[in-house]
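# sequence and predicted structure are below.
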Amino acid sequence: MTDRIRLDAFSQLAQGPTLSMALAPGQSLAVVGPAQSGKTRFLRCLLGQERPGQGRAAIGGEVAVPSDAGHSRRATPQALAKRHAPSGQAQSITDALSSTGLWDLRATSVAELSPTQLAACELIPVFASRPDVIVLDGHLERLDPWTREWVLEGLQRELQRGAAVVAATNDLNLLSEFDAVLVMVANRVAFAGTLDELLREADQSEILVETTNQEGVRALVAPFEISIQSTPEGLLMRAQEGQAIAAKLLMEGYGDVRLVTLRPPTLSDAVRAIVHRTRVSLGVN
């Protein structure tokens, strides 16, 4: 099976660690990081628009990116879909208009569309052209929640067809929609891996215990790797991976414990932890 995307000893910097990875047909990658972290530059290197500092980035197959080029005020979503569909294939046109939530507006001129509908129009080439690789740069967060849901469903259909998707986004709530995540900090790849691997990078879980017997609870969890902070409601505990057993012990051991809430780390927590650690190690504010 031919890889859709391959990075060989890749880095955006001329010196330092490199990354080698591949994206197979049907796989998706989210690229995240703070402003000026190098997300757009990574995509430009991927598309061959900019040379990396080290190694190489290659795409296998046809690429589709959003575009608003050539839109006249009288153009309609249907005309745009027909322009980008292979030989005007009717199914490709239908899929593009449905995936962007523009089916009911297919005969409306772009001049009459709202800003979020115009953003959806930019994605018509992505769905109409039947590409091997789809590359998005911040386009998902420009959509309203309803249109975004249609677009995400459309991307899933493209993945099932065998395309690969790479999307730079600032919305960490979207990470669960992807197979893998790449975290950029100061033009460096701070992390690259699956969602499960990303979660293991999170610092800690949190256990909130509502109790009046704070000293007794402290004594019970002392053998565990847990940091404890007193709050008006009780104790806020942060546990390392594998320490959630403390919550069970508390529930079974003390009758005055009113509530135990375990909050495992989220994908967003993991990304923030990676960014923070990398910034500290680099001395970047």
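Looks like it arrived, so ask away. Residues are numbered from 1 along each chain as shown.
# okay, now the unreliable bits of the stretch 51-200 of the chain?
By pLDDT under 70, the low-scoring segments of the stretch 51-200 of the chain are 69-71, 88.
# which stretches in it count as strands?
Here the stretch 51-200 of the chain has its strands, by DSSP state E, counting those that start in this stretch, at 54-59, 63-64, 133-137, 164-168, 180-185, 188-194.
# tell me which of these is the most buried.
Mean neighbours per residue, mean count of other C-beta atoms under 10 Å, is largest over the strands of the stretch 51-200 of the chain for strand 164-168, with a mean of 25. Placement of C-beta: from N, CA and C, glycine included.
# who does that strand pair up with?
Using DSSP bridges, the strands paired with strand 164-168 are strand 28-32 (parallel), strand 133-137 (parallel).
# picking up where we left off before, dump the strands of the stretch 51-200 of the chain into TSV; add distance to residue 20 as well.
As requested, the strands of the stretch 51-200 of the chain are arranged in TSV below (distance: least, C-beta to C-beta, whole Å):
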stretch	distance to residue 20
strand 54-59	8
strand 63-64	21
strand 133-137	18
strand 164-168	16
strand 180-185	13
strand 188-194	9
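# could you find the closest non-adjacent residue to residue 11?
The spatially closest residue to residue 11, leaving aside those adjacent along the chain, is residue 54, at 4.2 Å (C-beta to C-beta, 6 or more residues apart in numbering).
# one more: residue 120?
Distances taken as C-beta to C-beta, 6+ apart place residue 100 nearest to residue 120, at 4.2 Å, with adjacent residues excluded.
# sec struct for residue 265, please.
Per DSSP: H, G, I helix; E, B strand; the rest coil, the local secondary structure of residue 265 is coil.
# any idea how far it lies from residue 52?
Separation of residue 265 from residue 52 (C-beta to C-beta, to the nearest Å) stands at 32 Å.
# how about residue 14?
Separation of residue 14 from residue 52 (C-beta to C-beta): 9 Å.
# what does residue 171 give?
26 Å.
# same check, this time on residue 60
Per C-beta to C-beta, residue 60 is found 17 Å from residue 52.
# the more surrounded of these two?
residue 52 (21 against 16; other C-beta atoms under 10 Å).
# please, where are all the helices along the protein?
Using DSSP state H, the helices of the chain run over residues 39-46, 77-84, 90-99, 115-121, 124-128, 145-161, 195-199, 214-221, 245-253, 267-282.
# for the ones you listed, which one ends up most surrounded?
helix 124-128 (a mean of 26).
# among the strands of the stretch 51-200 of the chain, which is nearest residue 271?
strand 180-185 (5.8 Å; C-beta to C-beta).
# next one: the closest one to chain centre, how far?
Offset of strand 180-185 from its chain centre (C-alpha atoms, centre = their mean, to the nearest Å): 8 Å.
# remind me what it packs against, helices and strands.
Contact analysis of strand 180-185 by 3 or more C-beta pairs under 8 Å, 6 or more residues apart in numbering; DSSP states H and E lists strand 28-32, helix 39-46, strand 188-194, helix 195-199, helix 267-282 as its packing neighbours.
# could you give the angle of the first one to strand 180-185?
Counting by axes from the mean of the first three to the mean of the last three C-alpha atoms, to 10 degrees, strand 28-32 points 20 degrees away from the direction of strand 180-185.
# quick one: mean pLDDT for strand 28-32?
Mean pLDDT, strand 28-32: 98.
# quick revisit: mind checking how far the residue nearest to residue 11 is from residue 14?
Relative to residue 14, residue 54 is positioned 7 Å away (criterion: C-beta to C-beta).
# now swap in residue 37 and tell me
In terms of C-beta to C-beta, residue 37 sits 18 Å off from residue 14.
# related to what we said a few turns ago, format the strands paired with strand 164-168 as TSV; extra columns: distance to residue 45.
Listed next are those as TSV, based on distance: least, C-beta to C-beta, whole Å:
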stretch	distance to residue 45
strand 28-32	11
strand 133-137	11
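# wait, which of those is closest to residue 195?
Smallest distance to residue 195 across these (C-beta to C-beta): 9.4 Å, for strand 28-32.
# which residues does that closest one contact?
Defining contact as C-beta atoms under 8 Å, 6 or more residues apart in numbering, one finds that strand 28-32 is touched by 5, 23, 39, 42-43, 155, 159, 164-170, 172, 174-175, 177-184, 271.
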